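Visitor: Let's see this in three dimensions:
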Amino acid sequence: LQAKAVSERLGFPYHVIDVLRPFKHKVVDAFTEGYLKGLTPNPCTVCNAEIRFEELFDEAEWRFGVTAIATGHYARVQPDPETGRYQLLRGVDATKDQSYMLYRLDQRQLARVRFPLGGMRKSETRAIAEELGLAVAKQADSQDVCFVMGDTVGFLKRELGDRLSPGPIVDVS
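Guide: Purely as a prediction, here's the structure:
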């Protein structure tokens, strides 16, 4: 609902694209299965590469003729002057850099993404949002995997039920 409110306030179209099935399969199921295997998965990197910048973008391109997509990630992209290959760079605000969440993006994805906040500090972004009268100016920063709703253990218990069990303690020191 926040994205819709921002788009209405700024006067650009708002569309919903349903990617629930691929999100569940590629992100949520991979996350829970990873935990069962004793891994510590990072679902945000999968979501960015396979859902946001692949599934969503391809659908937006097909349905609306979109040629590039902008997000609020604090990262930057620029072509290498010698090779022309796109480089993923850290955001200017080192305390909010999100380039590590985007490391799986390929050249095709990097070519069609824009990170307008990557050259700004978070405080500048909030000031602009405040000037524009956007409620998101005061919103808390997200700090967790979106779909666990702040309770990873509870989410895993709900999803995995009795399949979730503690692993062996290997070394107590």
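Visitor: so residue 81, which of the three states?
Guide: Using DSSP: H, G, I helix; E, B strand; the rest coil, the structure places residue 81 in coil.
Visitor: Any idea what residue 86 is bridged to?
Guide: Per DSSP bridges, the residues bridged to residue 86 are residue 79.
Visitor: list the contacts for it?
Guide: 77, 78, 79, 80, 107, 110, 111 (Cβ atoms under 8 Å, 6 or more residues apart in numbering). Using the backbone N, CA and C atoms, a C-beta is placed for each residue, glycine as well.
Visitor: so can I have CSV of those showing neighbour count?
Guide: CSV is the format used below for the contacts of residue 86 (neighbours: other Cβ atoms under 10 Å):
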residue, neighbour count
77, 20
78, 11
79, 13
80, 9
107, 11
110, 17
111, 14
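Visitor: Closest one of those to residue 50?
Guide: residue 110 (14.7 Å; Cβ to Cβ).
Visitor: okay but that closest one is in contact with residue 84, surely?
Guide: No: between residue 110 and residue 84 there is no contact under Cβ atoms under 8 Å: 11.6 Å.
Visitor: any shared contact partners between those two?
Guide: If you check residue 110 and residue 84 against Cβ under 8 Å, 6+ apart, no residue is contacted by both.
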